[in-house]
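1. Sequence plus predicted model, see below.
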Amino acid sequence: MDGKRYVVLECQFSREWQVAMESRGTVTNGEAIEICQYWVKYKGVKPEQLKIVEVPDIINGEGK
């Protein structure tokens, strides 16, 4: 593991990105990929509507 934290962003409208509910507390890279795969398979979201973004640990209150 790289120790980095991520959130998954979803685009519902042309330019509006929101944090996916499952990643609000930040997740690992592997968890973010799983969330994206789930959304594509079961929620019918197109892959281009999802982004995985690295964020600082301070978002989750785990900053060093």
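-> Sure thing, it's come through.
2. And the helices in this structure?
-> Along the chain, the segments classed as helices by DSSP state H run 29-42.
3. wouldn't Trp39 be in contact with Glu48 here?
-> No: if you go by CB atoms under 8 Å, Trp39 and Glu48 don't touch, sitting 12.0 Å apart. Glycine gets a C-beta too; all of them are placed from N, C-alpha and C.
4. Which one's more surrounded, the two?
-> Trp39 (19 against 7; other CB atoms under 10 Å).
5. Only the buried residues of the lengthiest strand in the chain, if you could.
-> Using DSSP state E to define each element, the chain has its longest strand at strand 5-13. Buried residues in strand 5-13, counted by 16 or more other CB atoms under 10 Å: 5-8, 10.
6. Relative to the whole chain's centre, how far out is it?
-> 5 Å (CA atoms, centre = their mean, to the nearest Å).
7. do the same with stretch 41-60
-> With CA atoms, centre = their mean, you get 3 Å for stretch 41-60.
8. hmm, back to that, and the buried residues of strand 5-13, which is closest to Ala20?
-> Val8 (4.1 Å; CB to CB).
9. What is the least confident helix or strand in this protein?
-> Taking mean pLDDT, DSSP states H and E as the measure, the chain has strand 16-19 as its least confident helix or strand, at a mean of 86.
10. That strand: partners in the sheet, and parallel or antiparallel?
-> Counting by DSSP bridges, the strands paired with strand 16-19 are strand 5-13 (antiparallel).
11. So what touches the strand it pairs with?
-> 17-20, 22-24, 26-29, 31-32, 35-36, 39, 45, 49-57, 59-60, 62 (CB atoms under 8 Å, 6 or more residues apart in numbering).
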